[in-house]
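Novice: Below are the sequence and a predicted model; questions follow.
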Amino acid sequence: MDEKYKENAALLLKAQTGDEEAVTSLLKLNAGLVRSIALRYTGRGTDFEDLEALGNMGLLKAIRSFDAARGCAFSTYAVPLIFGEIRRFLRDDGPIKVSRVHKRTGAMLSVAREALAAEGITDPPLSLLAERAGITAEAARDALEALTPPRSLGESPLGEEGGATLEEMLSDGDGGEAALEKIALRAAIEKLPALKRKILLLRYFRDLSQVETARMLGLSQVKVSREEKKILLFLREELS
């Protein structure tokens, strides 16, 4: 049994019981492995530092879930998880282009979230997450909003959990209660400021993407995403 294998094994026992210093030591000890995998994905539009951060996310997942009883070396177990995090990011980095700053910040937040999870903090507040990543809460919020996949307004429930969606309320119904709900919804929409009504029109009635809507209105995709959340919150309050 070589020295690195024994060192990994000793640190893993400590890391999986919440020893943060052991987690940090494992990240350093296996930095070469992450780097060698990240190098395979350079030249695809993502900074090498970001690829390393993604690889470290996979390594953290390996640290949390490794079971020595499986009979394989930790590095053997970690490799597919490191590959998986990088590949998933590159695969999902689709038509909505996010700035490199937001991508890097998002990767830092993900690493911080994994580290907190290892300590038993599975749902950390934004302020703690930002503190661990060494950034401001505002920067963390901006990055998370930019990186969150857009959700169709039509698919979002407007009432309590499990309530009707915008699409259901505006679709043709059988009259009665459904008709009254439509009238209430249309009245609520009329109360929206002009910009929010335009976003609702383009996103729902014309079925444009956030990017297309932003381009037509001269806004950023992040701004459209924020306004959608405000629209949904307003409609929920009006219809509750």
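Specialist: Noted; the coordinates are in hand. Residues are numbered from 1 along each chain as shown.
Novice: Show me what counts as buried in stretch 45-54.
Specialist: Across stretch 45-54, burial judged by 16 or more other CB atoms under 10 Å covers Thr46, Asp50, Leu51, Glu52, Ala53, Leu54. C-beta here means a position set from N, CA and C on the backbone, and glycine is covered the same way.
Novice: What are the contacting residues of that stretch?
Specialist: 34-35, 38-39, 41-42, 85-86, 89-90, 93, 100, 103-104, 107-108, 110-111 (CB atoms under 8 Å, 6 or more residues apart in numbering).
Novice: Can you say which of the residues you listed are buried?
Specialist: Using 16+ other CB under 10 Å, the buried ones in the contacts of stretch 45-54 are Val34, Ala38, Tyr41, Glu85, Ile86, Phe89, Lys103, Arg104, Ala107, Met108, Ser110, Val111.
Novice: Could you export stretch 69-79 as PDB, CA atoms only?
Specialist: C-alpha atoms of stretch 69-79 as PDB (Å, rounded to 0.1, in the frame of the first residue of the first chain):
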ATOM      1  CA  ALA A  69     -15.800  -1.300   1.700                       C
ATOM      2  CA  ARG A  70     -16.200  -1.100  -2.000                       C
ATOM      3  CA  GLY A  71     -12.700  -2.300  -2.400                       C
ATOM      4  CA  CYS A  72     -11.300   0.400  -4.700                       C
ATOM      5  CA  ALA A  73      -8.800   3.200  -4.200                       C
ATOM      6  CA  PHE A  74     -10.300   6.600  -3.500                       C
ATOM      7  CA  SER A  75      -8.700   8.100  -6.600                       C
ATOM      8  CA  THR A  76     -10.300   5.400  -8.800                       C
ATOM      9  CA  TYR A  77     -13.700   6.200  -7.200                       C
ATOM     10  CA  ALA A  78     -13.200  10.000  -7.600                       C
ATOM     11  CA  VAL A  79     -12.200  10.100 -11.300                       C
END
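Novice: Need the contact partners of it.
Specialist: Tyr5, Asn8, Ala9, Leu12, Asn30, Leu33, Ile37, Gly58, Leu59, Ala62, Ile63, Phe66.
Novice: As a check, name the ranges of all strands in the chain.
Specialist: Counting by DSSP state E, one finds no strands in the chain.
Novice: Name the spans of it whose pLDDT lies under the cut-off.
Specialist: 1-4, 91-103, 145-185, 205-206, 238-240 (pLDDT under 70).
Novice: tell me the phi and psi of Pro193?
Specialist: When read as degrees, to the nearest 10, the backbone of Pro193 gives phi -60, psi 160.
Novice: distance of Gly71 from Tyr77?
Specialist: Separation of Gly71 from Tyr77 (CB to CB, to the nearest Å): 10 Å.
Novice: Comparing these two, which residue is more hemmed in?
Specialist: Tyr77 (16 against 7; other CB atoms under 10 Å).
Novice: Most widely separated two among the contacts of stretch 69-79?
Specialist: Ala9 and Ile37 (21.4 Å; CB to CB).
Novice: In terms of neighbours, single out the busier of those two.
Specialist: Neighbours per residue, other CB under 10 Å: of Ala9 and Ile37, the larger number sits with Ile37, 21 against 14.
Novice: Please list all residues in contact with the nearest residue to the more buried one once chain neighbours are set aside.
Specialist: Once flanking residues are discounted, Ile37 sits nearest to Ile82: 5.1 Å by CB to CB, 6 or more residues apart in numbering. Contact partners of Ile82, counting by CB under 8 Å, 6+ apart, are Leu33, Val34, Ile37, Gly55, Gly58, Leu59, Ala62.
Novice: do Phe89 as well
Specialist: Counted by CB under 8 Å, 6+ apart, Phe89 has contacts Thr46, Leu54.
Novice: at 6 Å instead, please
Specialist: Leu54 (CB atoms under 6 Å, 6 or more residues apart in numbering).
Novice: Many thanks, I have nothing further to ask.
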